[in-house]
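K.L.:
Model the structure of this input:
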Amino acid sequence: MDVYLPIANLAVDGLVIVALGVATGILSGVFGVGGGFLTTPLLIFYGIPPTVAAASAATQVTGASVSGVFAHSRKDGVDYQMGAVTVAGGMVGALLGALIFNLLRSAGQIDVVINVLYVLMLGTIGGLMARESLETLRGSKDGSTGKRAAKRRHHPMIASLPYRWRFYKSGLYISPLGPLILGVVVGILTMLMGVGGGFFMVPAMLYILGMSAKVVVGTSLFNILFITMLVTMVHAFTTRAVDIVLAGLLLIGSVTGAQLGTKIANFAKPEHLRLVLAMIVLAIALRMAFGLGVRPDEVYTVVPL
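P.N.:
Numbers count the residues shown, from 1 in each chain. As a prediction, this is how the structure comes out:
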């Protein structure tokens, strides 16, 4: 089923795009992570221009975050005060990211930058996840319970910032400048890479801000929802790289895949799932790194007539 993508300016098999959405949706449901950081690389492998892939993936993340926010809100798992601060920072970051995006695209380097960022990000995340999973599996075989978890507290750098506020749901008394800066970083990443930022925000909320684990996921989804909405609008009006047909096909697949993934997750061990996800992430990172170094099939040279 051929479908024409007006912004990407090419015809694709619509069923393949839906299948990619299903795949990332299954990963999201099984592993409990947003599929945004895998959607963009898979679209690039299929031949979608990196700029269009990143902008359209942000739209998919927005749709996937809505149900998550409502679910966590019903369980009182969202710190709206903390979320408002990170959203404010994310708005600033999205605007800065749009400026960087346009500067890189005018210089003809945006595709390379997106690919390099994904190689670094996926390689780091995959390596850390693989190490943690292997340590957990070795500990379970030896019968050891592992190291005792350290008491949760915010990073000393956060403690040194002025103007402290009380975030009651998160159990914190810290400066709002910390979560504000975190929001700026996530906004820039979302603008450049089309990811929700949960892969970065959740660990930062836990280990840098020291938030309660009860509200971390819900607050992260609250931030992702509003930032990806803003990023989609900024892309639509400034970079004009959002392909609504592509985003719609991805949403259809991801909604279906997330339901399947949730059912699969009920029958598998978490440590095994994390190891499988780590292998998938590392494989994608290696494939993108190979693509950056290999000579293209067609080389064009510009010469004066």
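K.L.:
show me the contacts for Val18.
P.N.:
Leu249, Leu250, Ile252, Gly253 (Cβ atoms under 8 Å, 6 or more residues apart in numbering). From N, CA and C alone the C-beta is placed, and that goes for glycine too.
K.L.:
Can you point out the buried residues in stretch 92-110?
P.N.:
Gly93, Ala94, Leu95, Leu96, Gly97, Ala98, Phe101, Leu104, Ile110 (16 or more other Cβ atoms under 10 Å).
K.L.:
Could you dump those into CSV and include distance to Val234?
P.N.:
Shown next, in CSV, are the buried residues of stretch 92-110 (distance: Cβ to Cβ, whole Å):
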residue, distance to Val234
Gly93, 11
Ala94, 6
Leu95, 7
Leu96, 11
Gly97, 8
Ala98, 5
Phe101, 9
Leu104, 15
Ile110, 15
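K.L.:
Out of these, which is nearest to Leu230?
P.N.:
Nearest to Leu230 among those, counting by Cβ to Cβ, is Ala94 at 5.1 Å.
K.L.:
check contacts around that closest one.
P.N.:
Ala94 touches Gly187, Ile188, Thr190, Met191, Ile227, Leu230, Val231, Val234, counting by Cβ under 8 Å, 6+ apart.
K.L.:
picking that back up, quick one, which of the buried residues of stretch 92-110 has the minimum pLDDT?
P.N.:
pLDDT is lowest at Ile110 among the buried residues of stretch 92-110; the value there is 78.
K.L.:
Tell me the most packed of the contacts of Ala94, by neighbour count.
P.N.:
Val231 (35 neighbours; other Cβ atoms under 10 Å).
K.L.:
just checking, that residue touches Ser56?
P.N.:
No: look at Val231 against Ser56 with Cβ atoms under 8 Å: they stay out of range, at 11.1 Å.
K.L.:
The nearest residue in space to Pro49 that is not next to it in sequence in helix, strand or coil?
P.N.:
The spatial neighbour of Pro49 that comes closest, neighbours along the chain excluded (Cβ to Cβ, 6 or more residues apart in numbering), is Ala8 at 5.9 Å. With DSSP: H, G, I helix; E, B strand; the rest coil as the basis, Ala8 sits in coil.
K.L.:
Burial check on Ala8, number of neighbours?
P.N.:
Using other Cβ under 10 Å: Ala8 sits among 20 other residues.
K.L.:
Enumerate every residue touching Ala19.
P.N.:
Counted by Cβ under 8 Å, 6+ apart, Ala19 has contacts Gly253.
K.L.:
Look up phi and psi at it.
P.N.:
phi -60, psi -40 (degrees, to the nearest 10).
K.L.:
Which strand or helix spans Val242?
P.N.:
For Val242, there is no helix or strand it lies in under DSSP states H and E.
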